[in-house]
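1. structure for the following, please:
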Amino acid sequence: MEQVVLYQGIRIKRCYDAEKEEYEIIEFGEEGTGRALYFLIQDIP
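-> Next up is the predicted model:
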């Protein structure tokens, strides 16, 4: 399940990994512009 967190003008999209018991950051970007500053590319088998 994805979550979106806003922190000081930065939008952070994260997903909880139950096996690792931690959040994995998928993307973060500017809140106002929607421009991505980082995103995770996952391999598709």
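
2. so where's the chain uncertain?
-> Within the chain, the set of residues satisfying pLDDT under 70 comprises 39-45.

3. and the most centrally placed residue in it, how far is that from Val5?
-> By CA atoms, centre = their mean, the mean C-alpha position of the chain lies nearest to Lys13, the distance being 2.6 Å. Separation of Lys13 from Val5 (CB to CB, to the nearest Å): 8 Å. Bear in mind the C-beta positions are built from the backbone N, C-alpha and C, glycine included.

4. swap in Ile12?
-> Taken as CB to CB, the span from Ile12 to Val5 is 5 Å.

5. and the two? Which one has more around it.
-> Using other CB atoms under 10 Å as the criterion, Ile12 and Val5 rank with Ile12 on top: 17 against 12.

6. for that one, give me its contacts.
-> 4-6, 25, 27-28 (CB atoms under 8 Å, 6 or more residues apart in numbering).

7. could you look up the SS state of it?
-> strand (DSSP: H, G, I helix; E, B strand; the rest coil).

8. also Gly34?
-> Under three-state DSSP, the three-state class of Gly34 is coil.

9. please report the distance of it from Lys20.
-> 29 Å.

10. just the strands in the chain please.
-> Here the chain has its strands, by DSSP state E, at 2-7, 10-17, 22-30, 36-39.

11. and stretch 10-28, how far out from the chain middle?
-> In terms of CA atoms, centre = their mean, to the nearest Å, the gap separating the centre of stretch 10-28 from the centre of its chain is 6 Å.

12. mind listing what's buried in it?
-> 11-14, 26, 28 (16 or more other CB atoms under 10 Å).

13. hang on, the earlier thing: now, which of the contacts of Ile12 sits nearest Tyr38?
-> Nearest to Tyr38, judged by CB to CB, of the contacts of Ile12 is Phe28 at 5.2 Å.

14. so Glu31 sits against Tyr7, correct?
-> No. Glu31 lies out of contact with Tyr7 (CB atoms under 8 Å); the separation is 9.0 Å.
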